[in-house]
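# Have a look at this prediction, sequence included:
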Amino acid sequence: MPQPAPRRILAVGAWLKNTACRLEGDTVRWSPLHGDLAEPAQCMALEASIEALLAEGPVDAIAHDLHPDFFSTRLAQRWAQQLGVPAIGVQHHHAHIAALQAEHGLSEPVLGLALDGVGLGTDGVAWGGELLWVDGARWSRLGHLSPLCLPGGDVAAREPWRMAAATLHALGRTDEIPERLGAHHGESATRLLSAMLSKRLNSPLTTGAGRWFDAAAGALGLGARQAFEAQAAIALEQAATAWLAEHPMQADAGDAPLRDDGTLDLLPLMTRLWALTDTDPAARRGEPDAGLRGEGAARFHVTLADGLARWAVQAAQRHGVRTVVLGGGCFYNRLLVARLREGLAHHAEQAGLPTLRVLQAEAVSCGDAGLAMGQAWAVAHLSSLSDLASGQIDPLPVPSPVADPRCPTPPVPVLSPEGAR
């Protein structure tokens, strides 16, 4: 790594695409890819990898995800107790951004756009569309995508039409769900889902960007059920790429406004997508033709990328940060990355800012397979390993804006007892 870590840390990684790593000095030793920790074989493989990594020498702490029920979390806590070292939880999206700081040797604060499907937040909500300020172990949540319900819980991540229904509910149009989605997904199923959403039964909130991709795909009839992870998002990207190859499109900022509470609101964008399906009776019944699907998919990508760029540039102005990093599995989407980079350059120029440096994963996965390195990097940079009463790295208060929005010196927040827990 470009910069050595100040401590020796073992990190046990994520639930999905699990890998573990040992961070010592400027060296990262990776375990094999274990896959998802839903099966005993993968859990046993992780156990064996941890034993092998610990056999290389002592460690100062063991880093793990915040989720208390993950096998990896319990394994980390068990080993920490056995070794007499701290087990320290690192929030999932903080770890995504910290992994990029580690890979690129960044010693200054960065703005991180962390976009993926899910990671437990410090408030107990499923996060996944986050704008963070990160400086090694220190971090603040500056904003997030507007939340949606997950009707049916985890099953909503496998059936994109449920997320499309969730957007109608969020728009106050729950009564339209059976009409728009019933032809393909069943009248009784859509009425039951409408009732679930209305009563908030088994419908927890999420800010996950992956679920917004699912919602757009579901609204455009691009997938009833996903046979593999991100299938709907891949179909959406493919449709958008094909359409944009022949039709230029510019974003409308009104489709993704920035709210005063730091939220990037995508509901106006979904209003526009639903209106697009109103132009044809078949599309309103969930059967848009390829042209409408392509146009809607393009509109989603162009608007999301522009909204993310405006969001990040506004934060860069406010907090005096000049590096933006892109972490999380949504950045496997080449169209999103390309449009986002263009948007960041454009909006930074419009704001009179120096050129923003934009970095993303190169040698390490931007998804969960690279998460362990971020967990390790964050814990290695704690000022002390012994003063975390909560056993996890909690977020700091949001840093105060700099006096001069174009000042290149980043703010340094004061560590209060509450923020340092």
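Yep, that arrived. Residues are numbered from 1 along each chain as shown.
# Give me the below-cutoff pLDDT ranges for the chain.
282-287, 387-390, 402-421 (pLDDT under 70).
# May I have the secondary structure class of the most centrally placed residue in the chain?
In the chain, the centroid-proximal residue (CA atoms, centre = their mean) is L115; its distance is 2.7 Å. Three-state assignment for L115 (DSSP: H, G, I helix; E, B strand; the rest coil): strand.
# wait, doesn't it sit right on F331?
Yes - using CB atoms under 8 Å, L115 is in contact with F331, at 6.5 Å. Glycine gets a C-beta too; all of them are placed from N, C-alpha and C.
# Same question for the longest helix seen in the chain: list its buried residues.
Ranked by residue count, the top helix of the chain under DSSP state H comes out as helix 290-319. Buried residues in helix 290-319, counted by 16 or more other CB atoms under 10 Å: 292-319.
# do the same with stretch 137-155
Buried residues in stretch 137-155 (16+ other CB under 10 Å): 137-152.
# Next one: D65 from M44, what distance?
Note on D65: its distance to M44, by CB to CB, to the nearest Å, is 19 Å.
# Actually, G328.
28 Å.
# who are the neighbours in contact with M1?
Neighbour list for M1: D26, T27, V28, A102, E103, G105 [criterion: CB atoms under 8 Å, 6 or more residues apart in numbering].
# could you redo the last one with a cut-off of 7 Å?
Residues near M1 by CB atoms under 7 Å, 6 or more residues apart in numbering: D26, V28, A102, G105.
# Do I have it right that D135 meets P109?
Yes - in terms of CB atoms under 7 Å, D135 counts as a neighbour of P109; the distance is 4.0 Å.
# where do the strands sit along the stretch 151-300 of the chain?
205-206, 263-264 (DSSP state E, counting those that start in this stretch).
# Point out the most buried one among the ones you listed.
strand 205-206 (a mean of 22; mean count of other CB atoms under 10 Å).
# Pull the contacting residues for the nearest residue to P354 once chain neighbours are set aside.
Among residues not flanking P354 along the chain, R322 sits closest, at 6.3 Å (CB to CB, 6 or more residues apart in numbering). Residues near R322 by CB under 7 Å, 6+ apart: A316, P354, L356, R357, P408.
# Tabulate these (JSON lines), appending secondary structure and distance to V59.
Formatted as JSON lines, the contacts of R322 follow (DSSP: H, G, I helix; E, B strand; the rest coil; distance: CB to CB, whole Å):
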{"residue": "A316", "secondary structure": "helix", "distance to V59": "36"}
{"residue": "P354", "secondary structure": "coil", "distance to V59": "40"}
{"residue": "L356", "secondary structure": "coil", "distance to V59": "36"}
{"residue": "R357", "secondary structure": "strand", "distance to V59": "32"}
{"residue": "P408", "secondary structure": "coil", "distance to V59": "37"}
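# A11: which of those is nearest?
R357 (26.1 Å; CB to CB).
# The residue nearest to that closest one when sequence neighbours are not counted: how many residues sit nearby?
Spatial nearest neighbour of R357, chain neighbours left out: T323 (4.6 Å); criterion: CB to CB, 6+ apart. Close neighbours of T323, defined as other CB atoms under 10 Å, add up to 19.
# do the same with Q3
Neighbours of Q3 (other CB under 10 Å): 14.
# how close does it get to L344?
24 Å.
# what does R7 give?
33 Å.
# contacting residues for the closest residue to V364 other than its chain neighbours?
The shortest distance from V364 to any residue other than its chain neighbours is 4.0 Å, reached at G370 (CB to CB, 6+ apart). Applying CB under 7 Å, 6+ apart to G370 gives the contacts A99, A361, V364.
# Perfect, I'm done here.
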